[in-house]
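Asker: what shape does this take:
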Amino acid sequence: MTTAPAMAADLTLVLGGARSGKSRYAEGLVTALGGPRVYVATSRIWDAEMAERVARHREDRGPGWTTVEEPRDLTGMLRRHAAAGTGLLVDCLTLWLTNLMMAEEEGLADVAAETVALVDLLPALPGRVVLVSNEVGLGIVPDNAMARRFRDHAGRLHQSIAAVAPRVVLTVAGLPMFVKGTPA
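Answerer: The predicted model follows:
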């Protein structure tokens with residue numbers, strides 16, 4: 001007999017496609033909490049265009065956010081920054097997976113172990129935690145092995161987090177659709 005996973009107290013998984021409004025919605029959830037806000041950026045800056053995107057996102061968020069850049073050690077960062085009354089926003093899990101997969105290619109990471117560690121940690125975190133991720137499983141089957149592995153890792157990660165999250169939101173055209181739970 002399997003037991004149900006422990007439920008995280010104030011955890012929301014926000015999924016959506018590119019430019020679906022998922023980040024804006026997630027920022028609103030964290031801002032509504034009041035108190036300290038931590039934005040966890042998982043992206044890496046590879047070129048000038050990405051640097052411009054990052055700068056624009058920081059400007060759009062406005063003041064009141066502490067930004068922590070963490071491309072790979074997400075569980076360590078969450079342990080260090082989670083606190084009662086603090087809102088943590090991780091944007092985004094699919095970039096984190098990309099970084100892990102690249103490190104795994106070099107023998108520096110284990111994607112499966114890292115994702116299990118993250119999911120196991122989530123129910124123990126205090127404060128509000130909002131995780132943003134791209135829903136990549138609605139399109140065609142990718143034409144190469146690495147892209148298929150990425151899609152598979154993302155799908156498994158989303159399912160595992162959805163099992164422990166009281167709220168799962170899918171954003172479409174800027175509108176939140178509650179897949180699991182009710183608004184926070």
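
Asker: where does pLDDT dip in this structure?
Answerer: Residue ranges of the chain with pLDDT under 70: 1-5, 7-8.

Asker: helices along that one, start to end?
Answerer: Along the chain, counting by DSSP state H, helices occupy 22-32, 48-61, 74-81, 93-105, 111-121, 145-164.

Asker: nearest to G87, out of those?
Answerer: In this view, these are compared for proximity to G87 by Cβ to Cβ, and helix 22-32 is the closest at 3.6 Å. Where C-beta positions appear, they are placed from N, C-alpha and C, glycine not excepted.

Asker: return the list of helices and strands in contact with the closest one.
Answerer: strand 11-16, strand 37-41, strand 87-91, strand 128-134, strand 167-172 (3 or more Cβ pairs under 8 Å, 6 or more residues apart in numbering; DSSP states H and E).

Asker: who wins for proximity to E105 among those?
Answerer: Of these, nearest to E105 by Cβ to Cβ is strand 128-134, at 20.5 Å.

Asker: residues in contact with that closest one?
Answerer: Strand 128-134 has contacts (Cβ atoms under 8 Å, 6 or more residues apart in numbering) with 8, 10-18, 22-23, 26, 29-30, 33, 78, 82, 86-94, 122, 154, 157-158, 161, 165, 184.

Asker: and of the helices and strands packed on helix 22-32, who's closest to E69?
Answerer: Comparison of these against E69 by Cβ to Cβ identifies strand 37-41 as nearest, at 4.9 Å.

Asker: parallel or antiparallel, list what pairs with the closest one.
Answerer: Neighbouring strands of strand 37-41 in its sheet, by DSSP bridges, are strand 65-69 (parallel), strand 87-91 (parallel).

Asker: so which of these is the most surrounded?
Answerer: Stretch with highest mean neighbour count among these: strand 87-91 (a mean of 25; mean count of other Cβ atoms under 10 Å).

Asker: and the angle for that one with helix 22-32?
Answerer: Put simply, strand 87-91 runs at 170 degrees to helix 22-32, going by axes from the mean of the first three to the mean of the last three Cα atoms, to 10 degrees.

Asker: I'd like the distance from strand 87-91 to the chain centre, please.
Answerer: Taking Cα atoms, centre = their mean, to the nearest Å, one finds strand 87-91 lying 7 Å from the centre of the chain it belongs to.

Asker: report the angle between it and helix 93-105.
Answerer: Between strand 87-91 and helix 93-105, the angle comes out at 60 degrees (the same axes, to 10 degrees).
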